[in-house]
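Engineer: give me a model of this one.
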Amino acid sequence: MTTLALKAHLAINVHNLAASVNFYRKLFGAEPSKVRTGYAKFDLTNPLLNFSLNEQPFNEAGALSHMGIQVRSTEDVLAIRKQWHERGLFTRDEMQTDCCFATQDKTWVKDPDGNEWEVFVVLKDSLPEHDQPEAAASCCAPTCCAENQEQSVEVTAN
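Structural biologist: Just a heads-up that it's a prediction; the model follows:
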């Protein structure tokens, strides 16, 4: 018997729940379905995701690299980037970039705790491995574009 999953669940720790809820309202264009002391949940249908925030003290970033939403076209990437701008989020673009052994168009935002989100489209898949092992190690790392980091601005709660 095959079990049908209803949706993926992702829970992240955050320093400041109010600031993070404010950011994720803008990122997803949706209100949280539940907010409690130290906790908020977004029950999303697009993308199909149960996403929760847990306010916890922590000093360093975890092992999380980044999060992303794959879309069908560059036009979709640009449409979401426009929505994010209209909601007050600042983005950083990477167009025609070779990442994760594919050519992609993408835009990035950073949440109040420094977690990076990308919306992306795969234009050409299955690029060959690079001869340099360090290229594969840094693949898809959002910090690869340090010259654009100043454009990623954290949004705080009002």
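Engineer: what about the helices in the protein?
Structural biologist: In the chain, the segments counted as helices under DSSP state H are 17-28, 74-86, 133-137.
Engineer: got the contact list for the longest one?
Structural biologist: Going back to what we said before, that points to helix 74-86. Contact with helix 74-86 is made by 26-27, 29, 69, 71, 91, 93, 95, 105-107, 109, 119-121, 123, as judged by C-beta atoms under 8 Å, 6 or more residues apart in numbering. C-beta here means a position set from N, CA and C on the backbone, and glycine is covered the same way.
Engineer: how far is it from where the chain is centred?
Structural biologist: Remark: helix 74-86 is offset 14 Å from the chain centroid, using C-alpha atoms, centre = their mean, to the nearest Å.
Engineer: got it, and the first one?
Structural biologist: If you compare the mean C-alpha spot of helix 17-28 with that of the full chain, they lie 12 Å apart, counting by C-alpha atoms, centre = their mean.
Engineer: report the rounded mean pLDDT for that helix.
Structural biologist: In this model, helix 17-28 carries a mean pLDDT of 97.
Engineer: swap in the shortest one?
Structural biologist: Summarised as a single mean, pLDDT over helix 133-137 is 46.
Engineer: present the helices of the chain as JSON lines; the columns should include distance to Thr37 and mean neighbour count.
Structural biologist: JSON lines is the format used below for the helices of the chain (distance: least, C-beta to C-beta, whole Å; neighbours: other C-beta atoms under 10 Å):
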{"stretch": "helix 17-28", "distance to Thr37": "8", "mean neighbour count": "20"}
{"stretch": "helix 74-86", "distance to Thr37": "28", "mean neighbour count": "16"}
{"stretch": "helix 133-137", "distance to Thr37": "40", "mean neighbour count": "10"}
